[in-house]
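Asks: Give me coordinates for this.
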Amino acid sequence: MRLREVPVRQQSIVLIGFMGVGKTTIGTLVAQKLYRSFVDIDEEIEKEFGMPTTDIFKVHGETVFREHEKKLIQFYCEQKLKIISIGGGAFMQPEVREACLANCTVFYLDVSWEQWKERLDILIDSRPILQNRDLDEIEKLFYERQGAYSLNHSTLSVNDQSPEQIADHIVESLKLAWDIYEPQ
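Replies: Sure thing, here's the model as predicted:
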């Protein structure tokens, strides 16, 4: 539910997608190119708890983490001129989807399973959701999340593109949309 009408040029931008797709890297680049501040929700949660996400999951549990995540996302979605990266599991929460879609422009960074699998070795230790799962279980999770991710304003395949190319595409898409919907 939109709490107030924000001009499309001032709406925050939310990046969604499976863990390790590059939301933080790409979001940082988009923020620099648009002169906006960047918010990584996982980093904000880690600051609040004073520990990495993997430890938050171990010490406090996923439920506490998800509740904190939801409140932070809802707060930031009401802010103007932010680039927001949300964790891969956050968009599974209906309240998070509603806040993002109603108040922000949501970009889904889509990656194929084959391309994502190549990143697994560098992700496995830092992603609590991947802990103690075999490849088949991770693949099932990957595909289970596709339905929620399909609810977005724009889908962008990140296969075979550099973060710089993807960020440029997002910025160009936004500027075109802004000119169409709110010409100056």
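
Asks: pull the helix or strand with minimum mean pLDDT from the chain.
Replies: Lowest by mean pLDDT, DSSP states H and E among the helices and strands of the chain is helix 120-123, with a mean of 67.

Asks: Check which element follows that one along the chain.
Replies: Downstream of helix 120-123, the next assigned helix or strand under DSSP states H and E is helix 135-144.

Asks: max-length helix in this structure?
Replies: helix 163-181 (DSSP state H).

Asks: what comes up buried for that one?
Replies: By neighbour count on 16 or more other CB atoms under 10 Å, the buried set for helix 163-181 is 163, 166-167, 169-171, 174, 178. Quick note: C-beta positions are derived from backbone N, CA and C, even for glycine.

Asks: Going along the chain, name the strands of this protein.
Replies: Counting by DSSP state E, the chain has strands at residues 12-16, 37-40, 82-85, 104-110, 154-157.

Asks: and the fourth one with strand 12-16, angle?
Replies: Here strand 104-110 points in a direction 20 degrees away from that of strand 12-16 (axes from the mean of the first three to the mean of the last three CA atoms, to 10 degrees).

Asks: Name every sheet partner of strand 104-110 and say whether each one runs parallel or antiparallel.
Replies: Applying DSSP bridges to the sheet, strand 104-110 is found paired with strand 12-16 (parallel), strand 154-157 (parallel).

Asks: Pick the most buried one from these.
Replies: strand 12-16 (a mean of 26; mean count of other CB atoms under 10 Å).

Asks: what does that one contact?
Replies: Residues outside strand 12-16 that contact it (CB atoms under 8 Å, 6 or more residues apart in numbering): 23, 26-27, 30, 34, 36, 76-77, 79-86, 90-91, 100, 103-109, 149, 152, 170, 174.

Asks: what's the angle between that strand and helix 163-181?
Replies: Using the same axes, to 10 degrees: strand 12-16 against helix 163-181 is 140 degrees.

Asks: Make residue 1 into 22 and carry on from there
Replies: Sure thing, new numbering starts at 22, so read that last one as strand 33-37.
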